[in-house]
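Undergrad: Need coordinates for the following:
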Amino acid sequence: MVSRDAESRSGPAPDGQVRIEPSNWRDLNALRELERICFPLDAWPLLDLVGVLTLPAVVRLKAVVNGKMVGFVAGDVRRSQKLTLIATIGVLPEYRGRGIGSTLLRECEEQAGMPIVRLNVRISNRVAIHMYERMGYQVVSRWPRYYQDGEDALVMEKHRYNNVYGD
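TA: Numbers count the residues shown, from 1 in each chain. The predicted structure follows:
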């Protein structure tokens, strides 16, 4: 079961329950480890992680089980473009398949509040692509040789609102 921070502020979550909480600079070491495990070829450098944990206009959320960060998402909110860019999203392998990634992404979309959400994903990451498609994302572009090992990225986008902003 995944609970949101607002629903579980009264105390610690029961053992094994997943909580979605805001993240901050105190999570740097846990995020470094999560990035290293989830993205062995593409883990972000230290300065990028510090930035994603401290810069304004970034929605940053973590999934926590028994006090341990097991998932993370960061969305760069670009109000002038009516767009949120999902900078990174990852869930530790032993916690995948429990709805944590989709819950993190959904909560990030809600908190960012932008009509368009965009992300990129390795073309070989069929599990993530399937999750994004289930959540309403569509492929809008392909970036050749985007990743360090030369693999292409799919750019996927979701339109959350119809004509809210006169588009």
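Undergrad: list the buried ones in the helix or strand hosting Glu107?
TA: Glu107 is part of helix 100-112, with elements assigned from DSSP states H and E. Of the residues in helix 100-112, Ile100, Gly101, Ser102, Thr103, Leu104, Leu105, Glu107, Cys108, Glu109, Ala112 count as buried by neighbour count, 16 or more other CB atoms under 10 Å. Using the backbone N, CA and C atoms, a C-beta is placed for each residue, glycine as well.
Undergrad: would JSON lines of those residues with pLDDT be doable?
TA: Output for the buried residues of helix 100-112, formatted as JSON lines (pLDDT from 0 to 100):
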{"residue": "Ile100", "pLDDT": "97"}
{"residue": "Gly101", "pLDDT": "97"}
{"residue": "Ser102", "pLDDT": "96"}
{"residue": "Thr103", "pLDDT": "97"}
{"residue": "Leu104", "pLDDT": "98"}
{"residue": "Leu105", "pLDDT": "98"}
{"residue": "Glu107", "pLDDT": "97"}
{"residue": "Cys108", "pLDDT": "98"}
{"residue": "Glu109", "pLDDT": "97"}
{"residue": "Ala112", "pLDDT": "96"}
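Undergrad: Strands along this protein, start to end?
TA: 2-4, 18-22, 58-65, 68-78, 83-91, 116-122, 138-143, 153-159 (DSSP state E).
Undergrad: elements contacting the second one?
TA: Read that as strand 18-22. With contacts taken as 3 or more CB pairs under 8 Å, 6 or more residues apart in numbering; DSSP states H and E, strand 18-22 sits against strand 2-4, strand 58-65, helix 100-112.
Undergrad: will you turn the strands of the chain into CSV that also has mean pLDDT?
TA: As requested, the strands of the chain are exported to CSV (pLDDT from 0 to 100):
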stretch, mean pLDDT
strand 2-4, 52
strand 18-22, 97
strand 58-65, 98
strand 68-78, 98
strand 83-91, 97
strand 116-122, 97
strand 138-143, 97
strand 153-159, 97
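Undergrad: For Phe39, find the nearest of those strands.
TA: If you check each of the strands of the chain against Phe39 by CB to CB, strand 83-91 wins as the nearest, at 6.6 Å.
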